[in-house]
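> make a model of this:
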Amino acid sequence: MRNIRLNIAYDGTKYCGWQIQPRDITIQEVIEKALSKIHKKKVDLIGSGRTDSGVHADKQVANFVTDIDSIPANRFRAAINSLLPLDIRVLSSREVPLEFHSRFNAFRRTYKYYIKLADVGHPRYRDFCYLVRRPLNLNLLNDLARELVGEHDFTTFAAAGDQAPTKIRTIYSATFYPEGEFIVFKICGNAFLQRMVRSLTGTLLDFSFKGKTPEDLRFILLAKDRSLVGPTAPARGLFLNNVEYPED
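Coordinates of the predicted model:
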């Protein structure tokens with residue numbers, strides 16, 4: 001038996017997130033079907049974590065166990081891609097120890113949220129950024145974002161149905177900065193709750209528009225009250241940018 005790690009990128013526009021759903025098409029399901037065709041039996045794919053419906057990935061990490069010894073580990077990339085739609089691509093494949101688990105071994109995850117400042121959105125960007133028609137105060141946004149760094153209970157920013165046993169997460173960095181034609185919110189943490197990044201993004205933007213202070217953000221973070229947050233930013237601007245492991 002061999003354990004194969006995949007680095008995967010995808011356009012999540014047409015999919016109901018990463019994790020398999022009873023009635024909706026997902027990224028995990030599509031890749032598992034490709035693996036099952038190669039193996040001629042069902043193969044389970046383990047992902048580093050969920051992404052919501054419509055969210056994209058620059059680098060999602062997943063692994064599966066195979067009993068095929070005729071395919072070199074690095075050739076699984078081409079074999080799987082030949083069976084995938086073009087909006088899902090395996091970027092690399094390699095063998096890892098059998099104990100490697102893409103979810104439990106990950107120690108740091110990074111998301112990037114893309115914001116486009118314009119009165120009219122260009123069609124090429126419609127599925128990959130959030131169009132904002134008001135100027136942004138990056139100094140204020142970064143003052144607000146700094147309040148997120150550290151270990152906190154993020155109950156305030158979790159989706160109502162989030163089933164995580166604890167809402168405590170550690171954020172290592174959170175920054176707004178220009179990147180080409182976009183303003184990017186980049187946030188890195190040990191893990192994230194369901195819709196947490198989108199809720200944080202929407203709230204930070206809303207607070208900046210209203211001229212609220214870091215103390216205001218600190219108050220709602222400590223309140224653990226979902227009703228105090230701003231609008232949730234749309235999924236289309238969010239990318240899972242990187243997942244990191246000790247062996248990397």
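> got the domain boundaries for the chain?
Using automatic domain parsing, the domain parsing of the chain gives 2-96, 108-244.
> name all residues that make contact with the nearest residue to Val43 once chain neighbours are set aside.
Using CB to CB, 6 or more residues apart in numbering and skipping the chain neighbours, the partner closest in space to Val43 is Leu35 (4.0 Å). In this view, the C-beta of every residue, glycine as well, is placed from N, C-alpha and C. Contacts for Leu35 were tallied using CB atoms under 8 Å, 6 or more residues apart in numbering; they are Val43, Leu45, Phe64, Ile80.
> from Leu240, how far off is the first one?
Val43 is 22 Å from Leu240, where distance means CB to CB, to the nearest Å.
> those two: which is more packed in?
Shown here are Val43 and Leu240; by other CB atoms under 10 Å, Leu240 has more neighbours (28 against 20).
> does that one really touch Ala106, like I thought?
No - Leu240 is beyond contact range of Ala106, at 11.1 Å (criterion: CB atoms under 8 Å).
> overlap in contacts of those two?
Residues touching both Leu240 and Ala106 comprise Gly49, with contact defined as CB under 8 Å, 6+ apart.
> immediately after the one helix or strand Pro178 maps to, which helix or strand?
Assigned by DSSP states H and E, Pro178 falls within strand 168-179. Once strand 168-179 ends, the next helix or strand along the chain (criterion: DSSP H and E) is strand 182-189.
> count the neighbours of Asn7 for me.
19.
> could you pull up the residues touching it?
Lys59, Gln60, Val61, Val90, Leu91, Ser92, Ser93.
> just Thr213 next, same as before
Thr213 makes contacts with Asp143, as judged by CB under 8 Å, 6+ apart.
> give me the phi and psi for it.
The phi and psi values for Thr213, taken as degrees, to the nearest 10, are phi -110, psi 170.
> if I look at it, how far off is Glu147?
Per CB to CB, Thr213 is found 10 Å from Glu147.
> re the thing from before, which parts of the strand holding Pro178 are buried?
Residues of strand 168-179 classed as buried by neighbour count (16 or more other CB atoms under 10 Å): Arg169, Ile171, Ala174, Phe176.
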